[in-house]
Every structure is written in C-alpha cells, then in structure tokens.
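*Asks:* got a sequence here, can you build the structure:
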Amino acid sequence: MRQLLIRLPIVLAVTFSALAQTAVAPDFSGTWVLNVSKSTLAKDSTIKSETIVIAYKKSTIIFHYKTDGKKSTETYTPDGQKRVAKDMSSGRLISKASWQDSVLVIESTLEIKIPNVVVNVSGLKPVIDRWTMAADGRTLTHETSEPNKEISVYDKQ
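*Replies:* I've put the predicted structure just below:
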C-alpha cells in the first residue's frame, strides 16, 4: 500500500507533465483582413487588400482568399502528409501541413503542367509558411520563407 501511495503521485506528475506539453491547435476560423501597415510585404508586392475566411471541416483547414477582388481557395490537412492544396491551370501546389506546437507550418512545392507532361521541379527548397495566432485570438500572422520573405498581419473581423 505504501509503494502505491509513493508511485501514484509520480505517475500522475509524469502524465500531467506530458499533457501540459501537448499544445492544443488554435482555431483560426473566422474572417481575417490584411493590415498592410503592420505587415512587411515584398518590395514588388502589389497587394492592396486581402480578406481570408478560414473554416475547419473535420480535420481540414480551408482558406478562402479574396485578394484585390480575385478569389482563390487552398485546403490543408495538418497531418504531415503531402496533398494537392491548390489546382491551377499552370500546375498544382503540393503541400504538407502540420502543427508545431500552436503554429501551423505548411511546406509547399509546385508541380508545373505542360500538356501531356508533369514536371516536378527538384533541387529547390520548399516554400515554408508559418501561421501563428496571437494569444488574444485577434491577430493572425503569416510568415513566408524565401525567396521573398514576407510577414502578413491579419486582424479578426
């Protein structure tokens, strides 16, 4: 009985410690508007306005963009598996999304379509996007890796 009383607190401490280290993925759902004054866009960027409506459907995150009046959609499943995130006339965006603590990390490469041929561009680093929500849930920050490192800050509507 005494050994049980000694071991039980140790088991509980280890269990709660492991649970405390497991970060809960934040819910990015909602409408987000680009705050150009807080963002660091690429020098050649022509974006004047952007709104993103983010929705969760089961384990999938769907980004509905409206950039300078033009609409597009990207879909991600943050499980570390490669999938088509966006199908375009010029090719496909292949992405692998995962949660690293409370940050959504998306690694993307482009498959270029030429009639009757699919070209995989190799030797290039994938573009890495990091999506982070502020603790108060009012700001969403999107950091993009090279070649044109950008930081886009969105305000929740």
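*Asks:* so who does the residue most central in space within the chain touch?
*Replies:* Closest to where the C-alpha atoms of the chain average out (Cα atoms, centre = their mean) is Leu104, at 3.9 Å. Shown in contact with Leu104 (Cβ atoms under 8 Å, 6 or more residues apart in numbering): Ala25, Phe28, Ile61, Tyr76, Pro78, Ala97, Ser98, Arg130, Trp131, Thr132. Glycine gets a C-beta too; all of them are placed from N, C-alpha and C.
*Asks:* mind doing that once more with 10 Å?
*Replies:* For Leu104, the contact set (Cβ atoms under 10 Å, 6 or more residues apart in numbering) comprises 25-26, 28, 61, 76, 78, 97-98, 129-133, 140, 142.
*Asks:* and the host helix or strand of it, which residues are buried?
*Replies:* If you go by DSSP states H and E, Leu104 is part of strand 103-114. Neighbour counts over strand 103-114 (16 or more other Cβ atoms under 10 Å) mark Val103, Leu104, Val105, Ile106, Glu107, Ser108, Thr109, Leu110, Glu111 as buried.
*Asks:* using PDB, list the CA coordinates for that strand.
*Replies:* Extracted C-alpha coordinates of strand 103-114, given in PDB (Å, rounded to 0.1, in the frame of the first residue of the first chain):
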ATOM      1  CA  VAL A 103       2.000  27.100 -35.200                       C
ATOM      2  CA  LEU A 104       0.500  25.800 -38.500                       C
ATOM      3  CA  VAL A 105       3.500  25.000 -40.700                       C
ATOM      4  CA  ILE A 106       2.900  24.400 -44.400                       C
ATOM      5  CA  GLU A 107       5.700  23.300 -46.800                       C
ATOM      6  CA  SER A 108       4.800  23.700 -50.400                       C
ATOM      7  CA  THR A 109       6.300  22.800 -53.800                       C
ATOM      8  CA  LEU A 110       4.900  23.400 -57.300                       C
ATOM      9  CA  GLU A 111       4.300  20.800 -60.000                       C
ATOM     10  CA  ILE A 112       4.200  22.500 -63.400                       C
ATOM     11  CA  LYS A 113       1.800  21.300 -66.000                       C
ATOM     12  CA  ILE A 114       2.900  21.200 -69.700                       C
END
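*Asks:* list just the nearest of the buried residues of strand 103-114 to Ala42.
*Replies:* For the buried residues of strand 103-114, the closest approach to Ala42 (Cβ to Cβ) belongs to Ser108, at 16.6 Å.
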